[in-house]
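K.L.:
Prediction below, plus the sequence it came from.
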Amino acid sequence: MATVEASGSDGKGQGVETPVTYYRLEEVAKRNSSKDIWLVIHGRVYDITRFLNEHPGGEEVLLEQAGADASESFEDVGHSSDAREMLKQYYIGDVHPNDLKPESGSKVRSLRKITRAKVAGRIGFSPS
Ligand code: HEM
């Protein structure tokens, strides 16, 4: 676990700087019991231990995702904006950049790659 400054380095004129704590997925994976349960949703780490028996969708579904990336199941349910707002209370840090995997954005990224390749191809064929 490492704590670094989220933005800026001189600390002048930028308001309050929030330090971000980064967690490795290996560490998140250890928090997989009802006594200590963390989840990853969209690259952010949540300690939902105290939320477990308050979840309107029940404990069971959360325990199934314990210590893992629950982004997809969280989205599949179509949680309300209230539910998204609630996430903030349980936020403890971000997934370490080395452990971040492309998720919903990956389709867009691969489309961009294809487009770039096509453009490059066209340039290659044009007479110079
Ligand atoms: C910390 C993360 C989560 C929070 C804050 C949260 C919050 C909520 C809230 C407030 C509701 C009530 C309905 C709504 O307002 O959308 C709900 C329902 C539900 N949630 Fe979650 N949830 C979380 C994670 C999850 C995950 C990871 C799953 C799936 C594995 C899940 C599955 C469900 C289900 C099945 C319902 C019931 C939906 C229904 O009966 O219509 N939730 N959740």
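P.N.:
Thanks, I have it.

K.L.:
Report how many residues lie close to the residue of the chain found nearest the ligand.
P.N.:
Nearest to the ligand in the chain, going by Cβ to the nearest ligand atom, is residue 57, at a distance of 2.5 Å. (Glycine included, C-beta is placed from N, CA and C.) Counted with other Cβ atoms under 10 Å, residues neighbouring residue 57 total 12.

K.L.:
Okay, helices next: where are they in the protein?
P.N.:
Under the criterion DSSP state H, helices of the chain are mapped to 25-30, 59-64, 71-76, 81-90, 106-125.

K.L.:
Might you enumerate the residues of the chain proximal to the ligand?
P.N.:
Residues of the chain found near the ligand (Cβ under 6 Å from any ligand atom) are 39, 46, 48, 51, 55-57, 61-62, 65, 70, 73-74, 77, 79-80, 82-83, 86-87, 90.

K.L.:
Name only those of those that count as buried.
P.N.:
Using 16 or more other Cβ atoms under 10 Å as the burial test, the residues of the chain next to the ligand include 39, 46, 48, 51, 62, 65, 70, 73-74, 79, 86-87, 90 as buried.

K.L.:
re the thing from before, what's near enough to touch the residue of the chain closest to the ligand?
P.N.:
For residue 57, the contact set (Cβ atoms under 8 Å, 6 or more residues apart in numbering) comprises residue 77.
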